[in-house]
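Visitor: this one's structure only:
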DNA sequence: TTTTATTTTTAGATTTGTCTAAAATTTATT
DNA sequence: AATAAATTTTAGACAAATCTAAAAATAAAA
């Protein structure tokens, strides 16, 4: 079946919301889509009739197996394009989201298969998010929150939860990016802030909110 | 100013039509756009009010300077993406048109500038069509129609006028592509067909319609 | 130069995705 | 459990892009 750009955006958005909450509700989706609840309801009816959603009036909704498949295909395209933009065209990783939002709706399957090959079958996008394969399988990484890392252990930054411009600005300041190695030197009881060593730089201190936003994995 | 996908398609189509005829008329555009004359008229009014068209009711229309600029930007994007698809992703040159039709509407200017650089600033797309630069300047090539080539001269195929699947199938059969060198051995009076040598292959005979469809330039 | 044929435009309807305002339903509070 | 508050849905409207059918304008033919 074929979906409009608008339908694909709703499906993708529902997918991301239900990752957290299991079930999604109308207002949350409206907020995330920057639209009105009434518009959401209209779309829910349509997606429901296309068997993309399990939807009970007034009681929330979630994707069907088929809906999840469509969502994963859009997510896959988005992340492969982001990888292309950063690794091949030299964009900064915090500048690629909007462009990938457009590119993810290009329909050709052969295009995306060839793009994946051309990029060397990457498993994670420039933000550290996993790229689903053509069957919708998502690569897993044993990652832990930086705030819970053991003292004196070294690990590698694998993803960033909050990717707002504000957060990315901070990370740029600390020279922390996906792939940076981080050693935890000290944990301050007072406010939970951490003394860390990023790569070969002098040690520095990051606040607890920043730490909680970073996920790392052991080499 | 910003244009919808539909507007961009109309603008591009008018650009191509007026290359031949100077002035464009409603029915011709409707045929090319695979739509109805009434729909075309609606769009003409809109584009006219946006100063994209010089349009006199019942008397045809053509692009303004500004309209031509928009058209060239879309053509530029289309041809750069075609180049990418063939040279980087390994598509056959006759399989890329539909995908480029979608990609040409991605809006980011920075994207297209970086793409151009990444591709090594190509001047011609895989069909031999010139790629306008970011100012709308179109590279020129001194090309002549193969049917008018001098006897025993060798030249290089630089573009193909009719790019229908039927024509491309024929060219594939003769192993003729952009960049192929062709030597004209004999011109048959009877029907204008030509005996030619393609690269290092044994000589073969092509019909006049095929010859007229091919443009070549001297090295 | 009328008449006929073709082309183009208008008028009004349709589809998709959106909106506002009001009604219906569920959840929370007293 | 009754009432208030919040959420969700319906009803009806609107803009963009398309369509059909009919009217208007132009071009061609008798």
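Guide: Nice, thanks for sending it over. All values derive from a computational prediction rather than experimental measurement.
Visitor: and residue A:185, helix, strand or coil?
Guide: strand (DSSP: H, G, I helix; E, B strand; the rest coil).
Visitor: Wait, it touches residue A:152, no?
Guide: Yes. Residue A:185 lies in contact with residue A:152 (CB atoms under 8 Å); the separation is 7.2 Å. No exception for glycine: its C-beta is placed from N, CA and C like everyone else's.
Visitor: So which of these two has more stuff around it?
Guide: When residue A:185 and residue A:152 are compared for neighbours, residue A:185 comes out ahead with 14 against 9, by other CB atoms under 10 Å in any protein chain shown.
Visitor: Please list all residues in contact with that one.
Guide: A:151, A:152, A:194, A:195, A:196, A:197, A:203 (CB atoms under 8 Å, 6 or more residues apart in numbering or on different chains).
Visitor: If we use 10 Å, what do you get?
Guide: A:151, A:152, A:194, A:195, A:196, A:197, A:203, A:204, A:205 (CB atoms under 10 Å, 6 or more residues apart in numbering or on different chains).
Visitor: count of neighbours near residue A:207?
Guide: Per other CB under 10 Å, the neighbour tally for residue A:207 reads 14.
Visitor: Ignoring the adjacent residues along the chain, who's closest to it?
Guide: Using CB to CB, 6 or more residues apart in numbering or on different chains and skipping the chain neighbours, the partner closest in space to residue A:207 is residue A:193 (5.0 Å).
Visitor: doesn't residue A:209 make contact with the one you found?
Guide: Yes. Using CB atoms under 10 Å, residue A:193 is in contact with residue A:209, at 9.4 Å.
Visitor: got any residues that touch both of the two?
Guide: residue A:147.
Visitor: Compare these two (neighbour count), which wins?
Guide: Using other CB under 10 Å, the more surrounded residue of residue A:193 and residue A:209 is residue A:193, with 18 against 14.
Visitor: can you pull the contacts of the more buried one?
Guide: The contact partners of residue A:193, taken as CB under 10 Å, 6+ apart, are A:147, A:186, A:187, A:205, A:206, A:207, A:208, A:209, A:210, A:211.
Visitor: Mark which of those residues are part of helices, please.
Guide: Of the contacts of residue A:193, the ones assigned to helices by DSSP state H are A:208, A:209, A:210, A:211.
Visitor: The third one: neighbouring residues, count only.
Guide: Translated: residue A:210. With other CB under 10 Å as criterion, residue A:210 counts 21.
Visitor: Over to the first one?
Guide: The burial count assigned to residue A:208 is 15, neighbours taken as other CB under 10 Å.
Visitor: Nearest spatial neighbour of it, chain-adjacent residues omitted?
Guide: Setting aside the residues directly before and after it, residue A:208 is nearest to residue A:192 in space (CB to CB, 6+ apart), at 3.5 Å.
Visitor: ok, and what's touching the lowest-mean-pLDDT helix or strand in chain A?
Guide: Here the helix or strand of chain A ranked lowest by mean pLDDT, DSSP states H and E is helix A:165-174, holding a mean of 90. Applying CB under 10 Å, 6+ apart, the contact partners of helix A:165-174 are A:92-95, A:97, A:127, A:157, A:160-164, A:176-178, A:180, A:182, A:196, A:198, A:201, A:204-207, A:209-210, A:213-214.
Visitor: Check stretch A:199-213 too.
Guide: Contact with stretch A:199-213 is made by A:145-149, A:159-164, A:167, A:170-171, A:173-177, A:179-188, A:191-198, A:214, as judged by CB under 10 Å, 6+ apart.
Visitor: Understood, closing this out.
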